[in-house]
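Chemist: can you look at this prediction? I've put the sequence above it.
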Amino acid sequence: MKAIINVRLGSTRLPGKVLMNICDKPALQHLIERVGKSKYIEDIIINTTTEEIDNKIVDFCKENHYLYNRGSEEDVTSRISSAINNYQIKNFVEIYGDCPLVDYRIIDSAIEYFNANDLDFYGNDLKTTFPPGFEVEVVKSKAFLKSDLLCDDPEIREHGTLFMRLNPDIFKIKNFEYINQYDFIPHLTLDTKEDFQFISIIFEHFYSKQDFDFSIEDVMNFIDLNKDLLQLNNLIERKWKQYRDD
């Protein structure tokens, strides 16, 4: 199966965030390496925009021999469709470009369930039980292309799979939840300078121990022992909340 990582440099809150260095390598590099540990992911496509600013992402891909695709900056739905068509993708895993901590174990578990069941969409972001920053979506390309044809709302198209997630009467969708519940849900998406500080502390902790294969449980246990870290970014408003159940 292929993974599609939607990423751009033109973030309004933290421009250039995905190429900012954490432990001496770009955040995007960390993300690619962590997704690449999956036993089911054959190829990773970096799906960026045609904007000039994102030439830096293309240069990064070329230098490191990564596959990439380019499309509309605002119309993420069409950008994903172009990646599907250009790489002839049957099914794919969508990973958000602002999730450098994503755990390949979650990816593998999701792919296994998706392959064993007749679904159009299987993800963990219909309801917030996993910490934001560990989102994984497994999607049937045929169903996604159908959503591209049906959706004409620019605001919805900006969020890729959102039309599918909002229309369970049209698509066969299912959410999976985080079993190991804590009394907190940290925000671990890379969206602001506070997020960057939080995520950098996590990487630095594990890299200082030469632990490059840390899991979501390792992250949650570390935060559980250092709950003061939650104060770094817990008051920041998140745009995605309007489209997700708490």
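Modeler: All right, it came through fine. Note that the structure is predicted; figures quoted are calculated from it, not measured.
Chemist: only C-alpha atoms from now on, for both contacts and neighbour counts.
Modeler: Fine.
Chemist: all strands for this structure, in order.
Modeler: Secondary structure of the chain, counting by DSSP state E: strands at 2-6, 21-22, 25-26, 43-49, 67-71, 91-96, 121-123, 137-140, 173-175.
Chemist: now mean neighbour count, distance to Asn233 and mean pLDDT too, for the ones you listed, in a markdown table please.
Modeler: Below are the strands of the chain laid out as a markdown table (neighbours: other CA atoms under 10 Å; distance: least, CA to CA, whole Å; pLDDT from 0 to 100):
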| stretch | mean neighbour count | distance to Asn233 | mean pLDDT |
| --- | --- | --- | --- |
| strand 2-6 | 23 | 23 | 98 |
| strand 21-22 | 18 | 18 | 98 |
| strand 25-26 | 14 | 21 | 98 |
| strand 43-49 | 23 | 27 | 98 |
| strand 67-71 | 19 | 31 | 98 |
| strand 91-96 | 23 | 19 | 98 |
| strand 121-123 | 25 | 25 | 98 |
| strand 137-140 | 23 | 25 | 98 |
| strand 173-175 | 17 | 26 | 98 |
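Chemist: can I get those in JSON lines including distance to Asn85?
Modeler: Converted to JSON lines, those look like this (distance: least, CA to CA, whole Å):
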{"stretch": "strand 2-6", "distance to Asn85": "12"}
{"stretch": "strand 21-22", "distance to Asn85": "32"}
{"stretch": "strand 25-26", "distance to Asn85": "28"}
{"stretch": "strand 43-49", "distance to Asn85": "12"}
{"stretch": "strand 67-71", "distance to Asn85": "10"}
{"stretch": "strand 91-96", "distance to Asn85": "11"}
{"stretch": "strand 121-123", "distance to Asn85": "18"}
{"stretch": "strand 137-140", "distance to Asn85": "13"}
{"stretch": "strand 173-175", "distance to Asn85": "22"}
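Chemist: shaky segments in the chain?
Modeler: 239-246 (pLDDT under 70).
Chemist: name the residues that touch the longest helix that it contains?
Modeler: When the chain is parsed with DSSP state H, its longest helix is helix 193-208. For helix 193-208, contacts defined as CA atoms under 8 Å, 6 or more residues apart in numbering pick out 14, 22-23, 101, 187-190, 212, 214, 219, 222, 229, 232-233.
Chemist: let me know the closest of the residues you listed to His159.
Modeler: Thr189 (15.3 Å; CA to CA).
Chemist: give the contact list for the nearest residue to the closest one once chain neighbours are set aside.
Modeler: Excluding the flanking residues, the one nearest Thr189 by CA to CA, 6 or more residues apart in numbering is Gly133, at 4.3 Å. Residues counted as contacts of Gly133 (CA under 8 Å, 6+ apart) are 98-102, 187-190.
Chemist: could you export those as CSV, including distance to Asp43 and neighbour count?
Modeler: Below are the contacts of Gly133 laid out as CSV (distance: CA to CA, whole Å; neighbours: other CA atoms under 10 Å):
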residue, distance to Asp43, neighbour count
Asp98, 19, 24
Cys99, 18, 24
Pro100, 17, 27
Leu101, 19, 24
Val102, 17, 26
His187, 28, 22
Leu188, 25, 23
Thr189, 23, 23
Leu190, 23, 26
